[in-house]
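Undergrad: Provide a 3D model corresponding to the input given below.
(4 chains)
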Protein chains: 2
Amino acid sequence: MTERKDIHNSDVPIVCRACEARHKGICGALSGDELLRLSKHTVKRTAARKQELIHEEDEVHTYSNILSGAVKLTKLMPDGRQQIVGLQFAPDFLGRPFVSESSFGAEVAADVKLCSFPKDVLETMLVENPELENRLLRQVLKELDEARQWMLVLGRMTAKEKVASFLSLIANHIDPEHDDGSVTFELPLSRAEIADYLGLTIETVSRQFTALRKDGIIEIEGNRHIVVPDREALKDATGST
Amino acid sequence: MTERKDIHNSDVPIVCRACEARHKGICGALSGDELLRLSKHTVKRTAARKQELIHEEDEVHTYSNILSGAVKLTKLMPDGRQQIVGLQFAPDFLGRPFVSESSFGAEVAADVKLCSFPKDVLETMLVENPELENRLLRQVLKELDEARQWMLVLGRMTAKEKVASFLSLIANHIDPEHDDGSVTFELPLSRAEIADYLGLTIETVSRQFTALRKDGIIEIEGNRHIVVPDREALKDATGST
DNA sequence: CGGATGGTTGAGTAGCCTCAAAGTATGTGG
DNA sequence: CCACATACTTTGAGGCTACTCAACCATCCG
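TA: Okay, here's the model as predicted:
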């Protein structure tokens, strides 16, 4: 077995060099040879905001690594009600192993770069390379933790706490290091999307944004640009730990 | 590598014979030798309703297989608000690999039999046996699907649809084969627990039970005993697909 | 028989939703 | 580069769903 830590750049396919998925994503489990094998079937592409990547209940035959941007996972009810059930960023893995029919839709939230490859190629490598499977398991466990945390948000929080939780989530993603002090970021979602993520309406989300602004917990510049002067204060506003 | 399908009962430790986890649970990935090794560290035990198995944020050093009964996974807010974030039955695996501090509590919902073993023993076997890791991955993916489905329930459904979804969930668990016709079952949760699962109050849950009864969608006998004459009608009441 | 536990029902209220309108970015073609 | 159309956001008024508080009922158990 190849020592993954000792891969020289010369062993790594050109397309894979400087790819975040090789460091923090699932490709970190692959040797130079394996990367080369996978890269032969790989397609890099970009997709713009609002583009649909996966239609709910459709058959999917490719997986992707997200190289940049953000993707939202959605569920739709017959009458049009929608719920966002996940938000993914680089270097997350996009796809549902072992099942071809997707149980959710996927839509670009903030312009993405994707690295896509056929389902069967990855699944073959999954059998051959246990460390790849381990990486995948860890990512899925992380997603499960996040999903459960969000169940608490959806089930038990007030509108204001929900919005604060969402802002806290984004702040954590932008700067996972410190959880106090100030942060500034651009929201990757529109008000309508935030509403679908939080199980609220657009109007309620908007009202809670203004409420948090009036409380001095956030500053808003031009809809999408948010300043959080004190992350502790924001965290307090979530009511959670 | 041992052919798992060809294990004779004589190779299987006595404690593992007739264990559901060996067929549908993660132990199905283990050879006779591996089962023997694991069973040396194994403790079987029972736990009664309301007993706390894991306290949120405590360190956990064991995993368990659920052999019978039901366990609820809970999250608590500082002010006492509670959300059930998962419901597990035999032969599910209980525990969060790779992390020792639990991000949720676990409490017995319906009297359980558990087969517990130390975290490190299983994690060693996980490295040695890729098929074990694969089983675990599949279970975690299943839980993730369920969690996301529940996010739709929590975020976008009315109280009545939520209760119908819960009853549908239990009906599916009792009889996964047919999804039409009639089913009868005992509820594994009290009204208070159902409320915590659905993000509602006890009173609202109770009212929706009576509403569904008056609609002829369910019959209720003595609080916990439920008859569903037509599962299609129940499914319709969930508003979902 | 009295208390404890769990469930139902009722009355009133609060929080979020609906509907409506006006305000503000964003983008396009002339 | 401006004028205009479009998409997105905010704000307001009123209504409905689910919550709160309270009383009552059923069952179980010492």
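Undergrad: Could you use CA atoms for every contact and neighbour count after this?
TA: OK.
Undergrad: How about the contacts made by the residue nearest the centre of chain A?
TA: Centroid check for chain A by C-alpha atoms, centre = their mean gives A:Gln88 as the closest residue, at 0.9 Å. With contacts defined as C-alpha atoms under 8 Å, 6 or more residues apart in numbering or on different chains, the neighbours of A:Gln88 are A:66, A:70-73, A:94.
Undergrad: buried sites along the least confident helix or strand in chain A by mean pLDDT?
TA: Using mean pLDDT, DSSP states H and E, the weakest-scoring helix or strand in chain A turns out to be helix A:20-23, at a mean of 90. For helix A:20-23, the neighbour count (16 or more other C-alpha atoms under 10 Å in any protein chain shown) marks A:20-22 as buried.
Undergrad: With stretch A:224-238 instead?
TA: Neighbour count says stretch A:224-238 has A:226-231, A:233-235, A:237-238 buried, by 16+ other C-alpha under 10 Å.
Undergrad: Just the ones in helices from the residues you listed, please.
TA: Under the assignment DSSP state H, those contribute A:231, A:233-235, A:237-238 to helices.
Undergrad: which one of the residues you listed is nearest A:Leu152?
TA: A:Thr238 (11.1 Å; C-alpha to C-alpha).
Undergrad: show me what contacts the closest residue to the closest one other than its chain neighbours?
TA: Using C-alpha to C-alpha, 6 or more residues apart in numbering or on different chains and skipping the chain neighbours, the partner closest in space to A:Thr238 is A:Glu161 (4.3 Å). Residues in contact with A:Glu161 (C-alpha under 8 Å, 6+ apart) are A:153, A:237-239.
Undergrad: Could you check the angle the helix or strand harbouring A:Glu161 makes with helix A:231-238?
TA: In this assignment (DSSP states H and E), A:Glu161 forms part of helix A:159-174. Angle, helix A:159-174 to helix A:231-238, by axes from the mean of the first three to the mean of the last three C-alpha atoms, to 10 degrees: 140 degrees.
Undergrad: is any part of helix A:159-174 close to DNA strand D?
TA: No: Helix A:159-174 stays clear of DNA strand D (C-alpha under 7 Å from any atom of the strand), getting no nearer than 11.5 Å.
Undergrad: now do the same end-to-end measure for stretch A:166-181.
TA: 18 Å (C-alpha to C-alpha, to the nearest Å).
Undergrad: Dump the buried residues of helix A:20-23 to CSV, plus distance to DNA strand D.
TA: Supplementary listing: those in CSV, determined by distance: C-alpha to the nearest atom of the strand, whole Å:
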residue, distance to DNA strand D
A:Glu20, 29
A:Ala21, 30
A:Arg22, 33
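Undergrad: and chain A, which residues reach chain B?
TA: Residues of chain A lying close to chain B (C-alpha under 8 Å from any C-alpha of the partner chain) are A:75, A:77-78, A:81-86, A:96, A:98, A:103, A:127, A:130, A:133-134, A:137-138, A:140-141, A:143-145, A:147-148, A:150-152, A:154-156, A:198-200, A:239-241.
Undergrad: Helices - which of those land there?
TA: A:127, A:130, A:133-134, A:137-138, A:140-141, A:143-145, A:147-148, A:150-152, A:154-156, A:198.
Undergrad: what subset of the residues of chain A next to chain B is also close to DNA strand D?
TA: Answer for these near DNA strand D: none qualify (C-alpha under 7 Å from any atom of the strand).
Undergrad: which of those are buried?
TA: A:75, A:82-86, A:96, A:103, A:130, A:133-134, A:137-138, A:140-141, A:143-145, A:147-148, A:150-152, A:154-156, A:198-200, A:239-240.
Undergrad: on that earlier part again, can you pick out the most distant pair from the contacts of A:Glu161?
TA: Every pair of those checked by C-alpha to C-alpha; the farthest is A:Val153 and A:Ala237, at 12.4 Å.
Undergrad: Residues that sit against both of the two, list them.
TA: Looking at what touches both A:Val153 and A:Ala237 (by C-alpha under 8 Å, 6+ apart), the common residues are A:161, A:165.
Undergrad: I figured A:Ala195 was touching A:Ser206, is that so?
TA: No: here A:Ala195 lies out of contact with A:Ser206, judged by C-alpha atoms under 8 Å, at a distance of 9.1 Å.
Undergrad: Give me the sheet partners of the helix or strand A:Glu107 falls within and which way each runs.
TA: Here A:Glu107 sits within strand A:105-118, counting by DSSP H and E. Here strand A:105-118 is paired, per DSSP bridges, with strand A:43-47 (antiparallel), strand A:52-54 (antiparallel), strand A:62-76 (antiparallel).
Undergrad: Distance from it to the middle of the chain?
TA: 10 Å (C-alpha atoms, centre = their mean, to the nearest Å).
Undergrad: ok, and does it reach over to DNA strand D?
TA: No: contact of strand A:105-118 with DNA strand D (C-alpha under 7 Å from any atom of the strand) is absent, the minimum separation being 10.8 Å.
Undergrad: Quick check, A:Asp111 in contact with A:Ala70.
TA: Yes: counting by C-alpha under 8 Å, A:Asp111 does reach A:Ala70; the two are 6.8 Å apart.
Undergrad: So which of the two has more stuff around it?
TA: A:Ala70 (22 against 17; other C-alpha atoms under 10 Å in any protein chain shown).
Undergrad: Let me see the contact set for that one.
TA: A:87-90, A:108-112, A:188.
Undergrad: which regions of chain A sit below the pLDDT cut-off?
TA: A:1-10 (pLDDT under 70).
Undergrad: Strictly from the record, what residue spans define the domains of it?
TA: A:4-153, A:157-238 (automatic domain parsing).
Undergrad: any residues touching stretch A:48-64, and which ones?
TA: A:74-76, A:93-96, A:100-112, A:114-120.
Undergrad: Go ahead and build a ChimeraX selection from the buried members of those residues.
TA: Restricted to buried positions by 16+ other C-alpha under 10 Å, the ChimeraX selection for these reads:
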select /A:74,75,76,93,94,95,96,102,103,104,105,106,107,108,109,110,111,112,114,115,116,117,118,119
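Undergrad: Please name the residues that touch A:Ile220.
TA: A:213, A:226-227.
Undergrad: rerun at 10 Å
TA: A:184, A:209-210, A:212-213, A:226-228 (C-alpha atoms under 10 Å, 6 or more residues apart in numbering or on different chains).
Undergrad: repeat for A:Phe104
TA: Neighbours of A:Phe104 in contact, by C-alpha under 10 Å, 6+ apart: A:54-58, A:72-76, A:83-86, A:95-96, B:145, B:148-149.
Undergrad: so how far is DNA strand C from the nearest residue to A:Gly239 once chain neighbours are set aside?
TA: Among residues not flanking A:Gly239 along the chain, A:Glu161 sits closest, at 6.4 Å (C-alpha to C-alpha, 6+ apart). Going from A:Glu161 to DNA strand C by C-alpha to the nearest atom of the strand, to the nearest Å gives 8 Å.
Undergrad: Good, we can wrap up now.
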